[in-house]
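> Here's a sequence, model it:
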Amino acid sequence: MDYLSKFINYLQATKNLSEKTLKAYSSDLKQFYKFEKSILKPDVCAFISYLNLELKLKDTSIRRKIITLKNFYDYLIDTEVIETSPFKKLKFKFKQERKLPKTLSISEICKLLKCFDIGTELLSPFALKEYIRDAALLDLLISTGIRIGEAAAITIDDIITSEHTLLIHGKGRKQRLIYISSSITWDRIKNLLKECKKANCNYLFLNRYGQPISIHGIEDIYKKYVKRAQINTKSTPHYLRHTFATNLLANGADLRSVQEILGHASVATTQIYTEVTTNRKKQVLKKFNYRNKL
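Model prediction:
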């Protein structure tokens, strides 16, 4: 009996999970299947030791796999395949490492935006299309902090032109509205929208072949302009999301509002940005507070 397929089908039908999450569940279980001789009577501790000592996975990855397996065995109990979960008497402890989000400085963001302060008269039609797309894409990521997967999924129907608003399809199939507060960003989106209508495609961001852009395509575009702007070459597009959130809080936005704008399921996820803003305030005060020199 293919318990794995049945479990994935069950999740797909009842839990409203994204394709990405379902693939992660499937990948974790396939790895477990490959290691275990008996799925119904597994040696869970041996598997966790294998992940830790041989594969040397991070605690966060191991924790995720444990959650997957617990859900899997709960499903087997509910469907009366087994009577007791192998996790019933097991407890795992992991180091709680909280890494601060990595950001770009304001000067780096300015350098990135400056890449689009060029004359377009001498650009070829193809180069002009790429310029219009890239300017709108990077400016949107900077102005809204949306995930690159969310940007790739934006369709023409998601744009509410009268309200300068975009409908964003977030994680867990949750939707949220994002207001474009920058007039420059909005103008760039409008310019791209005109090009999209000419191409007769429903997606906002297209690759060179006229197909919806992938997240890897967005990463490549980001790398191109990071190199051109001569800023942190180790940065990723996700730095823009972190920078956006950090500066919202630093400028006085409340935590709950930032959580809703970012599309975080829990305010606890958003709270990590407050630690970054606190560190920056300390640096500013140490460097610029006149009292230090009195």
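> who's in contact with Pro42?
By Cβ atoms under 8 Å, 6 or more residues apart in numbering, the contact list for Pro42 reads Phe32, Glu36, Pro86. Any C-beta I mention is one placed from the backbone N, CA and C, and that applies to glycine too.
> do that again at 10 Å, thanks
By Cβ atoms under 10 Å, 6 or more residues apart in numbering, the residues touching Pro42 are Phe32, Tyr33, Phe35, Glu36, Leu69, Tyr73, Pro86, Phe87.
> In ChimeraX, how would I select the buried members of these?
Here is the ChimeraX command that selects the buried residues among those (16 or more other Cβ atoms under 10 Å):
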select :32,69,73,86,87
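> in the protein, what spans have low per-residue confidence?
Scanning the chain with the threshold set as pLDDT under 70 gives 1, 95-98, 294.
> Show me the longest helix that occurs in it.
When the chain is scanned for its longest helix (criterion: DSSP state H), the result is helix 267-288.
> what's that helix in contact with?
So helix 267-288 is contacted by 98-103, 242-251, 255-264, 291-292 (Cβ under 10 Å, 6+ apart).
> what's the residue most central in space within the chain in contact with, if anything?
Central residue of the chain (Cα atoms, centre = their mean): Arg147, 4.4 Å from the mean position. Taking Cβ under 10 Å, 6+ apart, we find Arg147 in contact with 141, 153, 168, 170-171, 215, 218, 237-238, 240-241, 262-263.
> do that again at 8 Å, thanks
Counting by Cβ under 8 Å, 6+ apart, Arg147 touches Gly170, Lys171, His238, Arg241, Gly263.
> can you tell me how far it sits from Ile178?
11 Å (Cβ to Cβ, to the nearest Å).
> and what of Asn279?
Taken as Cβ to Cβ, the span from Asn279 to Ile178 is 27 Å.
> With Arg280 instead?
According to Cβ to Cβ, Arg280 and Ile178 sit 25 Å apart.
> Look at the two and report which has more neighbours.
Using other Cβ atoms under 10 Å as the criterion, Arg280 and Ile178 rank with Ile178 on top: 23 against 15.
> Who does the more buried one form a beta bridge with?
Listed beta-bridge partners, Ile178: Leu166 (assigned using DSSP bridges).
> Can you verify my assumption that it contacts Ile168?
Yes. Here Ile178 reaches Ile168: they are 5.3 Å apart, a contact under Cβ atoms under 8 Å.
> Pull up the overlap in contacts between these two.
Contact criterion Cβ under 8 Å, 6+ apart; residues shared by Ile178 and Ile168: Ile146.
> Ile168 contacts Thr155, correct?
No. Counting by Cβ under 8 Å, Thr155 is not a contact partner of Ile168; they are 11.1 Å apart.
> what number of residues lie near the nearest residue to Thr84 once chain neighbours are set aside?
Nearest non-adjacent residue to Thr84, counting by Cβ to Cβ, 6 or more residues apart in numbering: Ile77, 7.4 Å away. Residues contacting Ile77 under the criterion other Cβ under 10 Å number 13.
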